[in-house]
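[1] would you be able to build a 3D model of this:
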Amino acid sequence: MNSEPKNSGTPAGDSVQSVWEAAYQRFETPEAEIRKFIARLREMGAEEWPRNAEVVEIFCGRGNGLHALSQLGFARLEGVDYSPALLARYTGSAKCTVADCRALPFPDSSRDILVVQGGLHHLLELPSDLERSLDEVVRVLRPGGRFMVVEPWLTPFLRFVHAVAFFPPTRAAWGKLDALATMIEHERTTYEQWLGQPEVVLNALKSRFRVERCSTTFGKLRFVGRKAD
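    Numbering: from 1, shown residues only. Presented below is the predicted three-dimensional model:
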């Protein structure tokens, strides 16, 4: 997970977001998250990507994905997130912008790679918000540009994680599990909506991008696609 659940802008919605963000901060340290993202990017083929590529991470949260990309040698980095509070925690050199993924603040065909690591499952409406977001990615990418996605996926492994995270004794004994359970509780509507529509998600991705990598194992969708030349 890498960004906040969207809310209605009401005081109640703001309270939900604050609780979610606090749990996200508890879930893992910045150093652990950066190590995780570096390993994930390598697994997804990032070491083969041109180092002069213009890369945007959407739903970038507190920016640890940007730090991971920087440590892998990418220097032309930008980040987008819906949460000013999370973006304020980023301390790197990438330019970061508060914006909605359904209306990205970039010109047409202006970036080489867009990355999402745990943000699309926060979208309020499926398939409409997903389609709008992916259409924005297509608009912003240059011909042949890449789109990398890592999102939760309802595999047997994830079902097991859910069972353990919500089992009171283990939740009480392990702070990371409690943080995970808290995040799920405060994004349950969009989270379950996402997990419950795998065909909708895959069809939306595969209809817009030429697939380079796609797997659904160990509770994650891992997808890399190319925009048509």
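
[2] show me what contacts residue 139?
    Each residue near residue 139 by Cβ atoms under 8 Å, 6 or more residues apart in numbering is listed here: 104, 108-109. Backbone N, C-alpha and C define where each C-beta goes, glycine included.

[3] which parts of stretch 180-195 are buried?
    Across stretch 180-195, burial judged by 16 or more other Cβ atoms under 10 Å covers 180-184, 186-187, 190-191, 193-195.

[4] just the buried members of the contacts of residue 139?
    residue 104.

[5] with pLDDT added, can I get the contacts of residue 139 in TSV?
    Below are these laid out as TSV (pLDDT from 0 to 100):
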residue	pLDDT
104	98
108	98
109	98
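
[6] show me which of the contacts of residue 139 is closest to residue 130.
    Relative to residue 130, the closest of the contacts of residue 139 is residue 104; by Cβ to Cβ it sits at 14.3 Å.

[7] next one: the closest one from residue 33, what distance?
    Counting by Cβ to Cβ, to the nearest Å, the gap from residue 104 to residue 33 is 23 Å.

[8] now tell me what touches stretch 145-154 from outside.
    Stretch 145-154 is contacted from outside by 1, 40-41, 44, 46, 49, 111-121, 137, 141, 158, 191, 194-196, 198, 201, 205, 209, 212, 216, 219-227, using Cβ under 8 Å, 6+ apart.

[9] mind checking which of these land in helices?
    Among the contacts of stretch 145-154, DSSP state H puts 40-41, 137, 158, 191, 194-195, 198, 201, 205 in helices.

[10] in those residues, find the pair that's most separated.
    Spanning the widest gap among the ones in helices among the contacts of stretch 145-154 are 137 and 158, at 24.8 Å by Cβ to Cβ.

[11] the more surrounded of these two?
    Neighbour count, other Cβ atoms under 10 Å: between residue 137 and residue 158, residue 137 has more, with 23 against 15.

[12] contact partners for the more buried one?
    Contacts of residue 137 by Cβ under 8 Å, 6+ apart are 58, 104, 114, 147, 208.

[13] compare these and tell me which is most surrounded.
    Using other Cβ under 10 Å as the neighbour criterion, residue 58 leads those with 28 neighbours.

[14] beta partners of that residue?
    Beta bridges link residue 58 to residue 80, residue 116 when assigned by DSSP bridges.

[15] one step back: ok, so of the buried residues of stretch 180-195, who is nearest residue 173?
    Once Cβ to Cβ is applied, the member of the buried residues of stretch 180-195 that ends up nearest residue 173 is residue 181, at 12.4 Å.

[16] helix/strand/coil for that closest one?
    State at residue 181, reduced to three classes by DSSP: H, G, I helix; E, B strand; the rest coil: helix.

[17] for it, which non-adjacent residue is closest in space?
    Nearest-residue entry for residue 181: residue 165, 4.4 Å, with adjacent residues in sequence omitted and distances by Cβ to Cβ, 6 or more residues apart in numbering.

[18] mind checking how far the one you found is from residue 173?
    Here residue 165 is placed at a distance of 12 Å from residue 173 (Cβ to Cβ).
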